[in-house]
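Participant: turn this into a model:
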Amino acid sequence: MSPVIGKRFWRKPAALWQRLGEPQQREETQMGVAGAMRHFAARTRLQKIFATRFTVALAVALAVALTIAFCGPAGAEEHEWPQWRGPDRDGVWFEQGLIDRFPAESLTPRWRVNISSGYSGPTVADGRVFVTDRILEPEESERIHCFDWRTGGQLWSITYPCSYAGISYTAGPRAAMLVEQNRAYSLGAAGNLYCVAADSGEVLWKRDLRSEYEIRMPNWGIAAAPLIEDDLLIVQIGGKQACILALDKHSGEPRWQALDDDASYSAPVVIDQGERRVLVCWTGERVVGLAPASGELLWQYPFKPERWPIAIATPVVHADLVFCSEAEQGSLLLRTTEQPLGVEKVWHRRDEDGPALHALISTPLIIDRYIYGVDSNGILRCLDLKNGEQLWQDDTAVDTQKWATIHMVQNGDRVWMFNEHGELLITKLSPQGFDERSRAYLIDPTTDQLRRREGVTWAHPAYAYRHVFARNDKELVCVDLSSETTSSAAASSK
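Facilitator: Okay, here's the model as predicted:
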């Protein structure tokens, strides 16, 4: 508890008791025993009242303190989605008061707004929704948009020229934006890095990382979402002697650069390893642990691709374990060690070892001692964390096709899934199997992201304010998922 809060609530009752007690003592000597007893009883009741009020005030103060303590990094609140995969970059959604089942087969948006194409999922912070896209007219450009979360009204937009030369799959930006302390950070597919004022859209600083660091452009462009650690903005870009780059988040000035690896598409995370903070990056060649403040290489584990870098899923952290999965090399589980600081392989499993998870776009979840992930053909699998052996598989959550995708988010004992058909699912996952509770249409698949099938919805949605925010290549939608929605729908149908 804050010392300021403690002093504030303790001083007032003590001062009042002192002011009330002194005159009572003088009166008690004059009124005799009976009067003294009456005043003593009155004084005792007053003390109880103050004690009760103090207890309530202390409870409120403690609740506020605990709320602040669990709000996530840098002021992000539980009900917001300020960066890739949520407040802690772990695909966990903390909100309660949500629907158990969808009221209809198709969800009605609270609002929808027109945008252009892109793979980047929206982020939500401070009452605003942020998303990026790409346009071809009047010239090839990327854009950064900000909308009011309640109405969908556009608050501001930034457009800048951007060539996608050398980049395959040109629908638009990949990396989700990051919002912290009224600064919004956007990393485009070609390396255009912007820091803008979240409330006004004023450009605070920008950098062209492709030209500054001679980026060896990945086949699918730059995709790893930026990360903030203390006063540093950290990105994976695959530059010359700068696969990983850290900049001052306020000024954009470079602070350090590390490794000469090719970049992957996997977003970095930060873990606590013993008494140290460690930046975990899955590059195009290896999984590494770096000192966030300096870029010093602390440990590494080789995990080379078969042909070219294809790692997309974010490393999943569970206690002292780090789990990575990609389409060709299968799944790798590492255990971090403190003495000496490093990692060791627990297991590595591929299809030739038996049924295995080869994730592509979808980042798996680890719940209790089990791994749940979607492989590159859309098969949902459950693995035993201790050895990687498959317990079950399911092919109903999404059609089993090449590169089929589901984005999963854990909320309490449920897992919300958004599949590439634009459907939202409420499910429960356990070692016993896949339990689908409810499914509804959310948004149309579109073909700019993938010109096959009938299109896809590959952008990760955001969950905030008990709503879901999802995009395709034409629009951004917001849908209410609060339990009040179901109650209102039921009442109106009577």
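
Participant: which residues of the stretch 201-350 of the chain fall in helices?
Facilitator: Counting by DSSP state H, counting those that start in this stretch, the stretch 201-350 of the chain has helices at residues 209-212.

Participant: partner strands of the host helix or strand of C382, with direction?
Facilitator: Using DSSP states H and E, C382 falls within strand 380-384. Neighbouring strands of strand 380-384 in its sheet, by DSSP bridges, are strand 370-374 (antiparallel), strand 390-394 (antiparallel).

Participant: ok, residues contacting it?
Facilitator: Identification of contacts with strand 380-384 by Cβ atoms under 8 Å, 6 or more residues apart in numbering yields 331, 349, 355, 357, 369-375, 389-395, 397-398, 406, 429, 431, 433-434. Bear in mind the C-beta positions are built from the backbone N, C-alpha and C, glycine included.

Participant: just stretch 455-462 next, same as before
Facilitator: By Cβ under 8 Å, 6+ apart, stretch 455-462 touches 81, 84-85, 118-124, 129, 176, 361, 405, 407, 418-422, 424, 442-450, 468-473.

Participant: try 6 Å
Facilitator: Residues from elsewhere that reach stretch 455-462, judged by Cβ atoms under 6 Å, 6 or more residues apart in numbering: 81, 119, 121-124, 405, 407, 418, 420, 422, 443, 445-447, 449-450, 468-472.

Participant: dump the strand holding C382 to PDB, keeping only the CA atoms.
Facilitator: Taking C-alpha atoms only, strand 380-384 is exported to PDB below (Å, rounded to 0.1, in the frame of the first residue of the first chain):
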ATOM      1  CA  LEU A 380      -6.300 -28.100 -34.300                       C
ATOM      2  CA  ARG A 381      -4.000 -30.300 -32.200                       C
ATOM      3  CA  CYS A 382      -3.500 -30.900 -28.400                       C
ATOM      4  CA  LEU A 383       0.000 -31.900 -27.300                       C
ATOM      5  CA  ASP A 384       1.300 -33.000 -24.000                       C
END
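
Participant: so how far is that strand from its chain's centroid?
Facilitator: Strand 380-384 has its C-alpha centroid displaced from the chain centroid by 22 Å (Cα atoms, centre = their mean, to the nearest Å).

Participant: for it, buried residues please.
Facilitator: Residues 380-383 are the ones in strand 380-384 that count as buried (16 or more other Cβ atoms under 10 Å).

Participant: want to try TSV for these, with pLDDT as columns?
Facilitator: Shown next, in TSV, are the buried residues of strand 380-384 (pLDDT from 0 to 100):
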residue	pLDDT
L380	98
R381	98
C382	98
L383	98
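
Participant: just the residues you listed now: which is nearest R335?
Facilitator: Using Cβ to Cβ, L383 comes nearest to R335 of the buried residues of strand 380-384, at 16.0 Å.

Participant: beta-bridge partners for the closest one, please?
Facilitator: Under the criterion used here (DSSP bridges), L383 is bridged to I371, Q390.

Participant: which of the strands paired with strand 380-384 sits most buried?
Facilitator: Ranked by mean neighbour count, these are led by strand 370-374 with a mean of 24 (mean count of other Cβ atoms under 10 Å).
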